[in-house]
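# Mind folding the following:
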Amino acid sequence: MFYVALRILLYDKIRSLITLLGVVFAVGLIFAQVGIYLGLMETSSVIIDHTEGDIWVTSKNTRNFDFAQPIPEYFYDHVKSVEGVQWAEKLIVTWGLIKQKEGGTEQVEVIGYNPDTLVGGPWKMKEGDARSVKNGNFFIVDESAWKRLGEFKVGDYRDIFFRRLQVVGISSGAKSFTTAPLIFTSYNVAQSLSDLVGPANTVFVVAKVDSRHDVADVVARLKKKLKDVDVYTSGDFSRKTRLYWTIETGVGFSFMLTILISFLIGMLIVGQTIYNSTMEHIKEFGTLKAMGADNAEIYRIIFSQAFINALAGYLASLVITIASVKLYHAAGMVMVVNVWVNVAVLVLTLLMCFAAAFVSIRKIKSIDPAILFRG
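From the prediction side, this is the model:
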């Protein structure tokens, strides 16, 4: 039956090619939308996901990582005193302005971390050492900031919060979802720079749970002991941040709408082709039924056509998508293409093409073998 389906598709090569291009377009667009969405979500929680630690303590009703409010530093001591906490670190996230070399200012997101432990600091350095921000007015800038801030090199100076700081390193992979470039500095410098944080406040307390204790149990103890703050596991805080940007900003809806439209376009293209092919070969199908073939055997021919279109279109789209990942990165976008994305898009493609075949299935079901004897 697979061979028969292939022969039917190759009977009109031009139409089959147009159908294949339509599937490639639809599936390619699905690949792009899913990959870019997942890339955006990775950037929205990039600091959480790359920070060593199991628990995050933050201000009450914090909706995402980027807009947490300051909390008193004494929460740090409270967290350390709870049974099961192996260590705790303070982390500052705040907003400020950086003065451009050629004039003007740009908004930046400042991460203040402990350079001795590196908790919350840059995890991948292109130049320099993440510990170099210690004991001075120093900062590290991520290479993704170059489009907004211009190219930096180690040794350059910039005014941040109207204070002169020197570049001591270039990080990689710390791209911000908010489009404001990320810069890293020591906890003490970040605390002294920002009027919003103040000298006796922090923004987060990150804790590591001792391997002999359960993370959920330690979270429960912290929630019971600490008032006026929120306590999350790293995974929960990462999901909360991603859900905020997905739902509250409409990002998720726009991507889902594009994926749905692509799915429907692909289904219409494949459905029309298979239906037209079925109508052109209606007498041949009638002949098969007259020779004793049942509906199930003819259904297999129809679904084989859908499967061939789906598989060929998917493979072509996958090759194009993989080849274009570097182009997306060069344009400043993060695109995720991994095994799970590939499997999910393959399932969507098969569903799209099989759903398109159902119109033809209904037509085959009603074929009367007596059609052979009509004019």
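# Every contact and neighbour count from this point should use C-alpha atoms.
Fine.
# Please name the residues that touch the closest residue to residue 215 other than its chain neighbours.
Spatial nearest neighbour of residue 215, chain neighbours left out: residue 209 (6.2 Å); criterion: C-alpha to C-alpha, 6 or more residues apart in numbering. Residue 209 sits next to 53-55, 84-87, 215, 218 when contact means C-alpha atoms under 8 Å, 6 or more residues apart in numbering.
# Now do the phi/psi pair for residue 209.
The phi and psi values for residue 209, taken as degrees, to the nearest 10, are phi -90, psi 140.
# thinking again about what came up before, please indicate which of the contacts of residue 209 are buried?
By neighbour count, with 16 or more other C-alpha atoms under 10 Å, the contacts of residue 209 hold 53-55, 84-86, 215, 218 as buried.
# so where is the protein shaky, pLDDT-wise?
Along the chain, the model assigns pLDDT under 70 to residues 1-12, 278-295, 331, 362-375.
# What residues of the top helix by length along it count as buried?
The longest helix of the chain (DSSP state H) is helix 295-330. For helix 295-330, the neighbour count (16+ other C-alpha under 10 Å) marks 295, 298-311, 313-314, 316-318, 321, 325 as buried.
# any idea how far residue 329 is from residue 169?
21 Å (C-alpha to C-alpha, to the nearest Å).
# still on that earlier bit, which of the contacts of residue 209 lies closest to residue 127?
residue 53 (25.1 Å; C-alpha to C-alpha).
# The nearest residue to the closest one once chain neighbours are set aside bridge partners, please.
The shortest distance from residue 53 to any non-neighbouring residue, by C-alpha to C-alpha, 6+ apart, is to residue 208 (4.5 Å). Counting by DSSP bridges, residue 208 forms beta bridges with residue 87.
# wait, what's in contact with residue 208?
With C-alpha under 8 Å, 6+ apart, residue 208 has these contacts: 52-55, 85-88.
# What lies in contact with stretch 104-121?
In contact with stretch 104-121 (C-alpha under 8 Å, 6+ apart) are residues 47-48, 50-53, 89-100, 130-134, 148-149, 180-191.
# Just the buried residues of that stretch, please?
So for stretch 104-121, counting by 16+ other C-alpha under 10 Å, buried means 107-115, 118-121.
# Make CSV out of those and add distance to residue 202 and secondary structure.
Below are those laid out as CSV (distance: C-alpha to C-alpha, whole Å; DSSP: H, G, I helix; E, B strand; the rest coil):
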residue, distance to residue 202, secondary structure
107, 21, strand
108, 18, strand
109, 15, strand
110, 13, strand
111, 11, strand
112, 9, strand
113, 11, strand
114, 12, coil
115, 16, coil
118, 16, coil
119, 14, coil
120, 13, coil
121, 15, coil
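# can you list those residues in TSV and add distance to residue 231?
Formatted as TSV, those follow (distance: C-alpha to C-alpha, whole Å):
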residue	distance to residue 231
107	29
108	26
109	23
110	22
111	20
112	20
113	19
114	21
115	24
118	22
119	18
120	17
121	21
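# which one of those sits closest to residue 234?
residue 120 (12.3 Å).
# How much space separates that closest one from residue 244?
21 Å.
# How is this structure divided into domains?
2-43+251-373, 61-227 (automatic domain parsing).
# Rebuild those domains as TSV, extending it with distance to residue 234.
Shown next, in TSV, are the domains of the chain (distance: least, C-alpha to C-alpha, whole Å):
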stretch	distance to residue 234
domain 2-43+251-373	14
domain 61-227	9
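# Out of these, flag the one nearest residue 240.
Across these, closest to residue 240 is domain 61-227 (C-alpha to C-alpha), at 6.4 Å.
# on that earlier part again, which secondary structure elements does the following helix or strand past the longest helix of the chain sit against?
Next along the chain after helix 295-330, taking DSSP states H and E as the criterion, comes helix 339-365. Here helix 339-365 touches helix 13-44, helix 251-280, helix 295-330, going by 3 or more C-alpha pairs under 8 Å, 6 or more residues apart in numbering; DSSP states H and E.
# can you do 6 Å?
Using 3 or more C-alpha pairs under 6 Å, 6 or more residues apart in numbering; DSSP states H and E, the elements in contact with helix 339-365 are helix 251-280, helix 295-330.
# residues contacting the most centrally placed residue in the chain?
Centroid-nearest residue in the chain, with C-alpha atoms, centre = their mean: residue 38, separated by 1.3 Å. Contact analysis of residue 38 by C-alpha atoms under 6 Å, 6 or more residues apart in numbering lists residue 336.
# gap between it and residue 65?
With C-alpha to C-alpha as the criterion, residue 38 and residue 65 are 17 Å apart.
# And residue 259, by the same measure?
28 Å.
# and if you look at residue 203?
For residue 203, the distance to residue 65 - C-alpha to C-alpha - is 10 Å.
# Pull out the buried residues from stretch 14-29.
Going by 16+ other C-alpha under 10 Å, stretch 14-29 has these buried residues: 16, 19-29.
# Pull the most distant pair out of the residues you listed.
Applying C-alpha to C-alpha across these, the maximum distance is between 16 and 29, 19.9 Å.
# hang on, the earlier thing: mind giving me the packing neighbours of the longest helix of the chain?
Using 3+ C-alpha pairs under 6 Å, 6+ apart, helix 295-330 sits against helix 2-11, helix 13-44, helix 339-365.
# Residue 151: how many residues sit nearby?
Other residues within reach of residue 151, judged by other C-alpha atoms under 10 Å, total 12.
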